[in-house]
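1. sharing a sequence plus its predicted fold:
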Amino acid sequence: MRAATLLPGIGKTHTQAFFLGSVLSALLLCGYYSKDNIKKADENDNSNRKNAIDRRDIARIKPFIPLPNEAIEQYDDGESESQLQRQWQEEIAGVEAGAAEAEALAAVRAAEEVRARGNPDKAFRLLRRAAALAPKHADVLTRLGEFLEEARRDVLAADALYARALATVPDHPVALAHRRRTANLVETLDRNSLQKIEDKRNALSIIPDSSAAFRRAKKEAYFQHVYHTVGIEGNTMTLQQTRFILETKLAVAGKSIDEHNEILGLDAAMKYINSTLIHRMGEITVDDIIEIHRRVLGYVDPTEGGCFRRTQVYVGGHIPPGPMFINLLMDQFLKWLNSDDALEMHPVRLAALAHYKLVHIHPFTDGNGRTSRLLMNLILMQAGYPPVIILKQDRHMYYQHLQTANEGDVRPFIRFIAECTERTLDLYLWATTEFSHQVPALGQPIILSEENSKSEDEIS
């Protein structure tokens, strides 16, 4: 049967060629393989080759990674699975928060029992533990405030805790009643503290500038001011290295260029303030702040020095205003700073508020903290106070008080600046006392009064 399908005298290969030719002829007659179709097929083939080349080129382009490699822990390609995972995480966070709150309340009850048995120290530790577990629980904060007020006679710390409780629950009846009672007491204590600082300022002002001890104290305080100010921002230079750079302008081996430039920039800004702004009469302008910042950042990042930021920045848990509002907010800030109400404030209070308001606006990409502290010291120096030195070892406390101010209570930050002001005055007064030949490093107990050396853990 298969032999019958072949043409007589023709082999199998010839038969297949014959049929293939017949099919091609039929297709040509139907127009399938017309010249136009053949041309289109060639174009499509060339296009496919071109696209393949483009894809190979694209494969060589570096892909955009939205986060650093170390920040990407896991990638889930399944949308449903990632959504489920987020739900699980939220549920776990809720359970953990509930467990922490329950543990905090249990610690409060245990503290009451322990205090009733006559062990106030252990009760205080339990209450602090409860506040650490539930830092925004109004009942826990109120109980801790009551303990500090009754057992420790610390009205300032208690009032700060009542204020934190009311920030969470504004109509909390117990905290509200305590707050109304302690408000006047706290205002009186703050006023007395500022008067004490002013008295020390007056005592310092009668020391003649020709005093050799006073000149030595100024020089030592200048080095320490630069050292602690850049140290708060993370600079690792020691006091001796900072002094060496300022005196010789030479480099220190093993330290980065940025750390050198931060010291030189702050030195330039301080010299600019001392030579142009301290004795100038009139208002503080936006150009003054810009010129201070230009020198602060001039050695580190000259392109950003003296320029308001043009992008959004993020500072820990604080998100500053957007860049489109910077000019408006700075105008409002300077209008307040030069207003009669501001000028009637105590200089320490005004300087602390100016520091907080400027750093809250965060008008620059970098160097906001240093510029804010320099503005604070400009206000203080114009009022006859020495530049305040905020110790680098108090960095955590400094930022904690700024965070408390962001939450609505700026008074702890003002008190912190007042304490730093008094400590700096103590340094000068100690250094200019007779039979004192060495100015101690800030932080040594010899220049710290008993009141200043008291721990502020109770407030936190």
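-> All right, it came through fine.
2. quick one, domains of this structure?
-> Domain segmentation of the chain under automatic domain parsing yields 87-189, 207-447.
3. let's have the ones you listed in JSON lines, adding mean neighbour count, distance to Lys196 and mean pLDDT.
-> Placement of C-beta: from N, CA and C, glycine included. Putting these into JSON lines (neighbours: other Cβ atoms under 10 Å; distance: least, Cβ to Cβ, whole Å; pLDDT from 0 to 100) gives the following:
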{"stretch": "domain 87-189", "mean neighbour count": "17", "distance to Lys196": "11", "mean pLDDT": "89"}
{"stretch": "domain 207-447", "mean neighbour count": "17", "distance to Lys196": "7", "mean pLDDT": "92"}
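4. redo these as TSV? Include distance to Arg201.
-> Output for these, formatted as TSV (distance: least, Cβ to Cβ, whole Å):
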stretch	distance to Arg201
domain 87-189	19
domain 207-447	6
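5. of all those, which one is nearest Gln195?
-> Across those, Gln195 has its closest neighbour in domain 207-447 (8.7 Å, Cβ to Cβ).
6. between the domains of the chain, which one is nearest to Glu198?
-> domain 207-447 (7.5 Å).
7. how far away from the center of its chain is that closest one?
-> 16 Å (Cα atoms, centre = their mean, to the nearest Å).
8. next one: the nearest residue to Thr432 once chain neighbours are set aside from Gly234, what distance?
-> Excluding its sequence neighbours, the residue lying closest to Thr432 (Cβ to Cβ, 6 or more residues apart in numbering) is Ala213, at 4.6 Å. As judged by Cβ to Cβ, to the nearest Å, Ala213 and Gly234 stand 34 Å apart.
9. check Leu166 too.
-> Noted for Leu166: a distance of 35 Å to Gly234, by Cβ to Cβ.
10. follow-up on the earlier one: Trp430 is in contact with the residue nearest to Thr432, correct?
-> No - distance between Ala213 and Trp430: 10.1 Å, which falls outside the contact criterion (Cβ atoms under 8 Å).
11. surely Ser193 touches Ile417?
-> No - look at Ser193 against Ile417 with Cβ under 8 Å: they stay out of range, at 11.3 Å.
12. against which helices or strands is the helix or strand hosting Leu375 packed?
-> If you go by DSSP states H and E, Leu375 is part of helix 368-382. Contact here means 3 or more Cβ pairs under 8 Å, 6 or more residues apart in numbering; DSSP states H and E; on that basis helix 368-382 packs against helix 212-232, helix 257-272, helix 286-296, helix 347-361.
13. could you point out which of those helices sits nearest Leu189?
-> Proximity to Leu189 (Cβ to Cβ) singles out helix 347-361 among the helices and strands packed on helix 368-382, at 13.6 Å.
14. got the angle for that closest one vs helix 368-382?
-> Angle of helix 347-361 versus helix 368-382, following axes from the mean of the first three to the mean of the last three Cα atoms, to 10 degrees, is 160 degrees.
15. which residues does the residue nearest the centre of the chain contact?
-> For the chain, the residue nearest the mean C-alpha position is Val315 (3.5 Å; Cα atoms, centre = their mean). Counting by Cβ atoms under 8 Å, 6 or more residues apart in numbering, Val315 touches His362.
16. ok, what's across the strand from it?
-> Beta bridges link Val315 to His318, judged by DSSP bridges.
17. how far away is it from His362?
-> Going from Val315 to His362 by Cβ to Cβ gives 6 Å.
18. ok, Arg152 next?
-> Counting by Cβ to Cβ, the gap from Arg152 to His362 is 36 Å.
19. please apply the same query to Arg216.
-> Distance, Arg216 to His362, using Cβ to Cβ: 37 Å.
20. phi and psi next, for Leu343.
-> Main-chain torsions, Leu343, degrees, to the nearest 10: phi -70, psi -20.
21. now swap in Ser210 and tell me
-> Backbone phi and psi, for Ser210 under degrees, to the nearest 10, turn out to be phi -80, psi -10.
22. surely His225 is in contact with Pro387?
-> Yes - using Cβ under 8 Å, His225 is in contact with Pro387, at 5.3 Å.
23. and stretch 382-393, C-alpha only, in PDB?
-> C-alpha atoms of stretch 382-393 as PDB (Å, rounded to 0.1, in the frame of the first residue of the first chain):
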ATOM      1  CA  GLN A 382      24.300  89.400  74.900                       C
ATOM      2  CA  ALA A 383      22.700  89.200  78.300                       C
ATOM      3  CA  GLY A 384      26.100  88.800  80.100                       C
ATOM      4  CA  TYR A 385      26.200  85.100  80.500                       C
ATOM      5  CA  PRO A 386      29.100  82.900  79.400                       C
ATOM      6  CA  PRO A 387      28.400  80.400  76.600                       C
ATOM      7  CA  VAL A 388      26.600  77.400  78.000                       C
ATOM      8  CA  ILE A 389      28.400  74.100  77.800                       C
ATOM      9  CA  ILE A 390      26.100  71.000  77.400                       C
ATOM     10  CA  LEU A 391      28.200  68.000  78.300                       C
ATOM     11  CA  LYS A 392      28.600  65.300  75.700                       C
ATOM     12  CA  GLN A 393      27.900  62.700  78.500                       C
END
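24. so which of the domains of the chain gets nearest Lys200?
-> domain 207-447 (4.3 Å).
25. quick check: chain neighbours aside, which residue is closest to Arg395?
-> Nearest residue to Arg395 in three dimensions, chain neighbours excluded: Ile232, at 5.0 Å (Cβ to Cβ, 6+ apart).
26. Lys122 now?
-> In space, Lys122 is closest to Val114, 4.9 Å off (Cβ to Cβ, 6+ apart).
27. could you do Glu101 as well?
-> Nearest residue to Glu101, sequence neighbours excluded (Cβ to Cβ, 6+ apart): Ala134, at 5.0 Å.
28. re the thing from before, mutual contacts of His225 and Pro387, please.
-> Common neighbours of His225 and Pro387 (Cβ under 8 Å, 6+ apart) are Met270.
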